[in-house]
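Asks: please work out how this folds:
(2 chains)
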Amino acid sequence: MSNVFASIISVSAVAFVTANASAAPIANANATELAAHRIEKLVILKKINAGFLNHLKGLTLEILPDGGVAKPTFKITGSQQADEGKVPSKVEIILDEKGKPVTHTETLAAPATTPVAWPDKDPVTLLERAIHYIEDNSTKAEIALFNKPMKAVRISPANVDGKDVGIIEALSYDTTKKLTIVIGLDAKVISATVQ
Amino acid sequence: MLSSLIVVGGCNYRIDKTSGNVDPLSPAEKAQLSFQKVFDRVIGPKCVSCHNESTKELNLSTYEAVTAPGILSRIDDSVFVGKRMPKGGSLSSEELQILRAWIDMGAPKDAPGSQTPGPSPSPTPGSGGGSIPQDVGFDFVKQEVLNPRCISCHGPEATIPLDTYAQVKSRMPGIISSVLVNKTMPKNATLTKREYDILLNWIGKGFPEKPENPGEPKPTPVPSPTPAPVPLEPKFESIKANILSKKCVSCHSPGGEAKNIPLITREDLVDSPREIVMPGNPDESGIVISIERIDDKRMPPPQVGGALSAAEIQAVRLWIQNGAKD
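Replies: Numbering: from 1, shown residues only, chains lettered A, B, ... in the order given. From the prediction side, this is the model:
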């Protein structure tokens, strides 16, 4: 009897999906990383604009309620760089609960007049490495806040101590804090701070 | 509140309706608790990598050592009270219950419910009849376990060779994890109890290269079997033997640099959310994109041999084109 009760509770708990929290089987950070990988693949296969690889600005994740096409779970929106005040080009990647790609939708707009150039590694690769850092260090409580409940990551260039770097900011649904990862243009993480 | 009631699928917890605590073992389960069972389930996998005869730490590799005066109370204190052990890890609820029940029962050597004495963890050397020798070195373990179970994939030319003592010693954490704890190795096979016990006992004694007592009978050295070369053809086992095992899994495996993209089994490739292999569609399969690209992301990287040959690439393509079924 206790086994039946426990089973009912477990099924109910699994079916309970909150708006944007961590109800899906894979962590939000994992889904975001898989979306970044998907974007690169779609560019290589010439299925979406190459600007999503070379001029990506950031990725934002939402969890969709069950019942959509092929029961999607994650919607990750990639945005290209754009001039201030202008609507950026976007690609929406839909992944199922295991992170497998379902569909993608591209919406193109005017590209940035002077986009940031990433000479060594493209920003998608830098974002993927930063997300790997989060996943690999998710046993640390303050980093874990950005793993399962990741909301968004965005990337911008900077110069730190005379060295060109990428600044990745990770946001979470579970905290107002921000995780800032400084990454070298060789894709090696230099530092990570939460504040 | 709901999250606190989530039960992870696959675990054998029984929820106590009154307290919410995990039920203790049933009387039938307790009747089967021998030292050997506790050693196999808990002490061996979780303790002896640090607590063995060769380390400065408390030895927990034999029944006599575990039940020496004062030791059980130290285990009780460090595991259950202070929760300091195991260091760098933890015991599952099931492991805790097994250990707790066995200690509470008076730490019997043999299972109380068994009619005949359980297997002794320290059989007399040379007693035969299936008991394992205690004082062994690498040569014996290699002959009894490594050669029949490991060398076919982990031979001298493999990416992860386990042919010499130095090679095995350098991989010991991974061996403990994959063979003794997670039992993911050997692939598609399991060690017999005797093989498992031999390996566990040897590791528990600090995996000595030579037996402590040189007078002990030694096995006749058997040359390492050289794996027969596998012809390159568009089949998974051939691709695995010729490409993946040699040039990929050193990174693309648990513990490797690319551990999040394992390339060990066919399912790793076909079921990956990264669409590493799309059966029937080599052009859009991630593995083909990776091995054919010409930028610095081409796989394999230079440090493991660099680009695949045209024949290797063609074998991968054809395997995928044919449906990647075998």
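Asks: what about the residue of the stretch 201-326 of chain B found nearest chain A, which SS state?
Replies: The stretch 201-326 of chain B approaches chain A most closely through B:Pro273 (3.7 Å), counting by C-beta to the nearest C-beta. Any C-beta I mention is one placed from the backbone N, CA and C, and that applies to glycine too. What DSSP: H, G, I helix; E, B strand; the rest coil gives for B:Pro273 is coil.
Asks: torsion angles phi and psi at it?
Replies: phi -70, psi -10 (degrees, to the nearest 10).
Asks: what is the burial count for it?
Replies: B:Pro273 is flanked by 17 other residues according to other C-beta atoms under 10 Å in any protein chain shown.
Asks: name the nearest residue to it, ignoring sequence neighbours.
Replies: A:Gly99 (3.7 Å; C-beta to C-beta, 6 or more residues apart in numbering or on different chains).
Asks: just to check, that neighbour is in contact with B:Asp271?
Replies: No: applying C-beta atoms under 8 Å, one finds A:Gly99 not in contact with B:Asp271, separated by 11.1 Å.
Asks: the two: who's more crowded?
Replies: Neighbours were counted for A:Gly99 and for B:Asp271 using other C-beta under 10 Å; A:Gly99 has more, 23 against 13.
Asks: contact partners for the more buried one?
Replies: Counting by C-beta atoms under 8 Å, 6 or more residues apart in numbering or on different chains, A:Gly99 touches A:Ile26, A:Asn30, A:Ala31, A:Leu34, A:Phe74, B:Pro273.
Asks: find the nearest non-adjacent residue to B:Pro231, please.
Replies: B:Ser238 (6.6 Å).
Asks: need the pLDDT of that neighbour.
Replies: Listed pLDDT for B:Ser238 reads 94.
Asks: and the host helix or strand of it, what does it pack against?
Replies: Per DSSP states H and E, B:Ser238 falls inside helix B:236-239. Packing partners of helix B:236-239 (3 or more C-beta pairs under 8 Å, 6 or more residues apart in numbering or on different chains; DSSP states H and E): helix B:310-321.
Asks: burial measure for B:Gln167, as a count.
Replies: 14.
Asks: that one touches B:Pro161, doesn't it?
Replies: Yes: in this structure, B:Gln167 is within contact of B:Pro161 by C-beta under 8 Å, at 5.0 Å.
Asks: gap between stretch A:183-195 and the chain center?
Replies: Per C-alpha atoms, centre = their mean, to the nearest Å, the displacement of stretch A:183-195 from the mean C-alpha position of its chain is 16 Å.
Asks: next one: stretch A:102-111
Replies: On C-alpha atoms, centre = their mean, the centre of stretch A:102-111 falls 16 Å from the chain's centre.
Asks: mind listing what's buried in that stretch?
Replies: The neighbour-count check on stretch A:102-111 (16 or more other C-beta atoms under 10 Å in any protein chain shown) flags A:Val102, A:His104, A:Pro111 as buried.
Asks: got a list of what B:Ile264 touches?
Replies: Per C-beta under 8 Å, 6+ apart, neighbours of B:Ile264: B:Lys187, B:Leu244, B:Val249, B:His252, B:Ser253.
Asks: name the residues of the biggest helix by length in chain A that come out as buried.
Replies: For chain A, the helix that runs over the most residues, judged by DSSP state H, is helix A:28-44. By neighbour count on 16+ other C-beta under 10 Å, the buried set for helix A:28-44 is A:28-44.
Asks: before we move on, what about stretch A:175-187?
Replies: Per 16+ other C-beta under 10 Å, stretch A:175-187 contains these buried residues: A:Leu179, A:Ile181, A:Val182, A:Ile183, A:Gly184, A:Ala187.
Asks: got the CA positions of that stretch in CSV?
Replies: Taking Å, rounded to 0.1, in the frame of the first residue of the first chain, the C-alpha atoms of stretch A:175-187 are listed here in CSV:
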residue,chain,number,x,y,z
THR,A,175,18.1,34.0,-7.9
THR,A,176,18.6,37.6,-8.8
LYS,A,177,22.3,37.2,-8.6
LYS,A,178,24.4,37.0,-11.7
LEU,A,179,27.3,34.7,-12.5
THR,A,180,30.0,36.4,-14.5
ILE,A,181,32.5,34.1,-16.2
VAL,A,182,35.6,35.6,-17.8
ILE,A,183,36.8,33.4,-20.6
GLY,A,184,39.9,33.8,-22.8
LEU,A,185,39.6,33.9,-26.5
ASP,A,186,41.2,30.4,-26.5
ALA,A,187,38.0,29.2,-24.6
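Asks: any idea where the helices of the stretch 101-250 of chain B begin and end?
Replies: Taking DSSP state H, counting those that start in this stretch as the criterion, the stretch 101-250 of chain B carries its helices at B:138-141, B:147-149, B:165-170, B:172-175, B:193-204, B:236-239, B:245-247.
Asks: return the member of the contacts of A:Gly99 nearest to A:Trp118.
Replies: Using C-beta to C-beta, A:Leu34 comes nearest to A:Trp118 of the contacts of A:Gly99, at 21.0 Å.
Asks: tell me which element the residue nearest to that closest one when sequence neighbours are not counted is part of?
Replies: Distances taken as C-beta to C-beta, 6+ apart place A:Gly99 nearest to A:Leu34, at 4.3 Å, with adjacent residues excluded. Following DSSP H and E, one finds A:Gly99 outside all helices and strands.
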